[in-house]
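Colleague: Starting from these lines, generate the structure:
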Amino acid sequence: MSTMQTLRTFLFYLLLSVSACVWCILSVFVAPFLPFRARYRFVNQTWCRCAVWLAKVLLGIRYEVKGLENIPQRPCVILAKHQSTWETFFLSALFEPLSQVLKRELLYVPFFGWAMAMLKPIAIDRSNPKAALKQLAKQGHERLEQGAWVLIFPEGTRIATGQIGKFSRGGAALAVNAKLPVLPIAHNAGEFWPKQGWGKTPGTVQVVIGPAMQAEGTGPRAIAELNDRAFAWISQAQRDIGALAAEDAVCDVHESV
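Modeller: Below is the predicted model of the structure:
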């Protein structure tokens, strides 16, 4: 990484951290008085748009989106590839209101966690997979009924570009039980915002939104089939944009939800 890019990356993190602190503190005092949709826009969507904009201006990380016409009018379950932090910012800005699965410990972080708690996240205990799946099923269904999108990274953790992790069935199960489709999303953000390290590379993130997929039937078999179909679509889309090395590049590391 060049000296100039190093300086730009340092400035990016500095401005991102300062803006997060200011925005979270402000949100703690303002957001409780706003209805949920307006609260989401104030607390999360505006700041995430700022983060994506800073990445574009300072780091040279731009993006192109294909498939916006595939987004259904009614909120459903989003199953997205997970490679970096960039897609968390981007998807949180694109879909609103959005509830996402996150580690329960994040809610204990002063101001940041308090602000996040007001956005109705599904905060799970990853050390207890069975309880986490039950919580996802219950709270995810509630969020969908309340008109919120539910974002799930079915790999459970960030997987380096060129690989894809096995998909947990939690997201597919949630969609089947709620009688709603899943919306698959592929991207190559990890090429420019790597999983590890703080270095960033200029480039254009390709985001591909697939067609909404409805389960064929109900029960465990329908859940497994829908999950496999979403996995197959995202895998092929990753190959099409050059973000998956080969058909057998499947990583065994994944978490429960």
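Colleague: Relative to the whole chain's centre, how far out is stretch 6-21?
Modeller: In this view, stretch 6-21 has its centroid 21 Å away from the chain centroid, taken as C-alpha atoms, centre = their mean, to the nearest Å.
Colleague: can I have it written out in PDB, keeping just the CAs?
Modeller: C-alpha atoms of stretch 6-21 as PDB (Å, rounded to 0.1, in the frame of the first residue of the first chain):
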ATOM      1  CA  THR A   6      -1.900   4.800   4.000                       C
ATOM      2  CA  LEU A   7      -2.600   8.400   4.800                       C
ATOM      3  CA  ARG A   8      -6.000   8.200   3.200                       C
ATOM      4  CA  THR A   9      -6.800   5.100   5.200                       C
ATOM      5  CA  PHE A  10      -5.700   6.700   8.500                       C
ATOM      6  CA  LEU A  11      -7.900   9.800   7.700                       C
ATOM      7  CA  PHE A  12     -10.800   7.500   6.800                       C
ATOM      8  CA  TYR A  13     -10.700   5.700  10.200                       C
ATOM      9  CA  LEU A  14     -10.200   8.900  12.000                       C
ATOM     10  CA  LEU A  15     -13.300  10.500  10.500                       C
ATOM     11  CA  LEU A  16     -15.300   7.300  10.700                       C
ATOM     12  CA  SER A  17     -14.500   7.000  14.400                       C
ATOM     13  CA  VAL A  18     -15.200  10.600  15.200                       C
ATOM     14  CA  SER A  19     -18.400  10.600  13.300                       C
ATOM     15  CA  ALA A  20     -19.500   7.400  15.000                       C
ATOM     16  CA  CYS A  21     -18.800   8.800  18.500                       C
END
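Colleague: so where is this protein shaky, pLDDT-wise?
Modeller: 1, 246-249, 251-257 (pLDDT under 70).
Colleague: Pull the contacting residues for the residue nearest the centre of it.
Modeller: Centroid-nearest residue in the chain, with C-alpha atoms, centre = their mean: residue 88, separated by 4.2 Å. Listed by C-beta atoms under 8 Å, 6 or more residues apart in numbering, the contact set of residue 88 reads 48, 100. Every residue, glycine included, has its C-beta placed from N, CA and C.
Colleague: Quick one: residues contacting residue 113.
Modeller: Contacts of residue 113 were listed using C-beta under 8 Å, 6+ apart, and they are 106-107.
Colleague: Fine, thanks again, bye for now.
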